[in-house]
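Trainee: this is the structure alone, sequence omitted:
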């Protein structure tokens, strides 16, 4: 598997997917959100109350535009909504720890199925050009 150089990209999720246990940083602090750059991934609160995996499409000072699915739907988040409506991707170390515990107790995906895609299937959406291995 290529090193994509982006610790926020989760191979087992497509844009618009709900997070798996351990994917999302539960900390509502905005310092993590402040560090997001264009092409970083995060989780955005949907109007139905669920969280969805999204990519930062644009940043303009205290606002972020996210693409929230494979057809190009977007969600604009101003700074005043970051603490309630945006969560960063959990650190690589905590995600690895989560894979081990879920794989060992039989309740979740194994590291192999996580790498292959949701429920062991390859991702349905093509990777953005930034992430395509050469």
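Mentor: Nice, thanks for sending it over. None of the values given here were measured: they were computed from a predicted structure.

Trainee: from now on I want contacts and neighbour counts done on CA atoms only, so please keep to that.
Mentor: OK.

Trainee: for this structure, which segments are assigned as helices?
Mentor: Counting by DSSP state H, the chain has these helices, from start to end: 30-34, 82-85, 92-105, 111-116.

Trainee: name the single longest strand found in this protein.
Mentor: Taking DSSP state E as the criterion, the chain has its longest strand at strand 51-59.

Trainee: so residue 7 makes contact with residue 42?
Mentor: No: if you go by Cα atoms under 8 Å, residue 7 and residue 42 don't touch, sitting 10.7 Å apart.

Trainee: who has more neighbours, these two?
Mentor: It is residue 42, of residue 7 and residue 42, that has more neighbours when counted by other Cα atoms under 10 Å, with 29 against 13.

Trainee: the more buried one: what's its closest spatial neighbour, skipping adjacent residues?
Mentor: Nearest non-adjacent residue to residue 42, counting by Cα to Cα, 6 or more residues apart in numbering: residue 88, 4.7 Å away.

Trainee: give the contact list for that neighbour.
Mentor: 8, 24, 25, 32, 33, 41, 42, 43 (Cα atoms under 8 Å, 6 or more residues apart in numbering).

Trainee: any figure for the gap between the nearest residue in space to the third one that is not next to it in sequence and residue 21?
Mentor: Translated: residue 25. Counting by Cα to Cα, 6+ apart, the nearest residue to residue 25 once its immediate chain neighbours are dropped is residue 90, at 4.4 Å. Distance, residue 90 to residue 21, using Cα to Cα, to the nearest Å: 10 Å.
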